[in-house]
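Visitor: following is a predicted model, sequence given first.
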Amino acid sequence: MAAMTTAANPANDESHVAAEIARQPEAWRAAIDGLPAHGEALPPGGARVAVIGCGTSLHISRSYAALREAAGHGETDAFAASEYRYGRRYDRIVALTRSGTTTEVLEVLGRLGDAADTTVITVGSDVAAADQARHVIALPMAAERSVVQTVFPTTALALLRASLGEDLGAAIDAAPDAVNGELPLDPDVQQITFVGLGWAAGIADEAALKCREAAGFWTESYPAMEYRHGPISVSGAGTAVWLFGREPAGFGSDVTATGAAFHRSDDDPMVDLIRAQRTALALARREGRDPDHPPALTFSVVLDASAQ
């Protein structure tokens, strides 16, 4: 399969999302440099934590929850804000919201009130969600103009991973190649299934969402081991399977036996997500869509009372 070259380099694209994709490495570094200022706002070791978000923020919440618990820092659940389980008791609730105005997140924070120990991660301290939380982590270096989120979610995840003791130096060093290098898939690909193990399953979900949002493109996403339990049936000539992170035994062979293209990188899944974001941008250009203003999407989902 020939590699995708359409709109492959963000430097050749004038959209806001292209510029935001390109500045992720510097935003990650800036957020990590500011980590010492957020000590009390971050969940302490051993705390039982719930992480909430909507859309992209939900996928990042799931990745962080999996990483935190796997690293032994404490039981960590992730929920769509609209599905928060109020009957459970947590030591800390962390809410991810780029805009700070998402209705479902505000609903959770409002219902929990002052009795809960809450942290909001957003782009600024002057948003509605910040007024309802006990702690606020503002990431102004990750502010975005495009409806489609790229730099905010990965910057929030970089900060959260660093807070768990991870050294992201190698990932940051590898990221510029993901920003500028050739993309791995045929420009005429008709369908992509994104998969990942553990925390990378959340990255797979986010990659699929980017292609759906920016390009209206047919994607699916699953935990990698679930691929053989049905989703493999959509794979074939003209389609692709994109694996983030570690490869299960025999996985690539099973994919290629269907006739589908298979992509996997040795890079950190968060770095490879940059390539998926750029693929979404390239697909949007292929389809003649404005990636900054996808149909039916808004910068923040703010519902009136009748829709809640």
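Guide: On my side now, so go ahead.

Visitor: need the contact list for residue 298.
Guide: residue 147 (C-beta atoms under 8 Å, 6 or more residues apart in numbering). For the C-beta atoms, the positions are set from N, CA and C on the backbone; glycine is no exception.

Visitor: so what pLDDT did it get?
Guide: According to the per-residue confidence, residue 298 scores 72 in pLDDT.

Visitor: for residue 100, which non-adjacent residue is spatially closest?
Guide: Spatially, and ignoring its direct neighbours in sequence, residue 100 is nearest to residue 127 (2.5 Å; C-beta to C-beta, 6 or more residues apart in numbering).

Visitor: scratch that, residue 236
Guide: residue 259 (4.8 Å).

Visitor: let me see the contact set for that neighbour.
Guide: When contacts are taken as C-beta under 8 Å, 6+ apart, residue 259 is in contact with 235, 236, 237.

Visitor: among those residues, name the buried ones.
Guide: Buried residues within those, counting neighbours by 16 or more other C-beta atoms under 10 Å: residue 235.

Visitor: how about a markdown table for the contacts of residue 259, with distance to residue 44 and pLDDT added?
Guide: Listed next are the contacts of residue 259 as a markdown table, based on distance: C-beta to C-beta, whole Å; pLDDT from 0 to 100:
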| residue | distance to residue 44 | pLDDT |
| --- | --- | --- |
| 235 | 44 | 98 |
| 236 | 49 | 98 |
| 237 | 52 | 98 |
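
Visitor: list the buried residues in the longest helix along the chain.
Guide: As assigned by DSSP state H, the longest helix anywhere in the chain is helix 269-286. Using 16+ other C-beta under 10 Å as the test for burial, helix 269-286 gives 269-286.

Visitor: what does stretch 75-91 give?
Guide: 76, 77, 78, 79, 80, 81, 82, 84, 90.

Visitor: okay, now residue 230: neighbour count?
Guide: 9 (other C-beta atoms under 10 Å).

Visitor: contacting residues for residue 201?
Guide: Residue 201 is in contact with 62, 63, 66, 195, 221, 222, 223, 224, counting by C-beta under 8 Å, 6+ apart.

Visitor: again, only this time at 7 Å
Guide: Residue 201 makes contacts with residue 223, as judged by C-beta atoms under 7 Å, 6 or more residues apart in numbering.

Visitor: also residue 78?
Guide: 51, 61, 62, 65.

Visitor: the last one reaches residue 52, doesn't it?
Guide: No. Residue 65 is not in contact with residue 52 according to C-beta atoms under 7 Å; the separation is 10.1 Å.

Visitor: if you count surrounding residues, which of the two has more?
Guide: residue 52 (26 against 22).

Visitor: what helix or strand is that one on?
Guide: Per DSSP states H and E, residue 52 falls inside strand 49-53.

Visitor: packing partners for that strand?
Guide: If contacts are counted by 3 or more C-beta pairs under 7 Å, 6 or more residues apart in numbering; DSSP states H and E, strand 49-53 sits against helix 56-70, strand 76-80, strand 92-96.

Visitor: so which of the ones you listed is the most surrounded?
Guide: strand 92-96 (a mean of 26; mean count of other C-beta atoms under 10 Å).

Visitor: touching that one from outside, list them.
Guide: Residues outside strand 92-96 that contact it (C-beta under 7 Å, 6+ apart): 43, 47, 49-53, 57, 60-61, 105, 108-109, 112, 116-121, 129, 133, 156.

Visitor: care to break the protein down by domain?
Guide: What automatic domain parsing lists as the domains of the chain is 21-163, 167-286.
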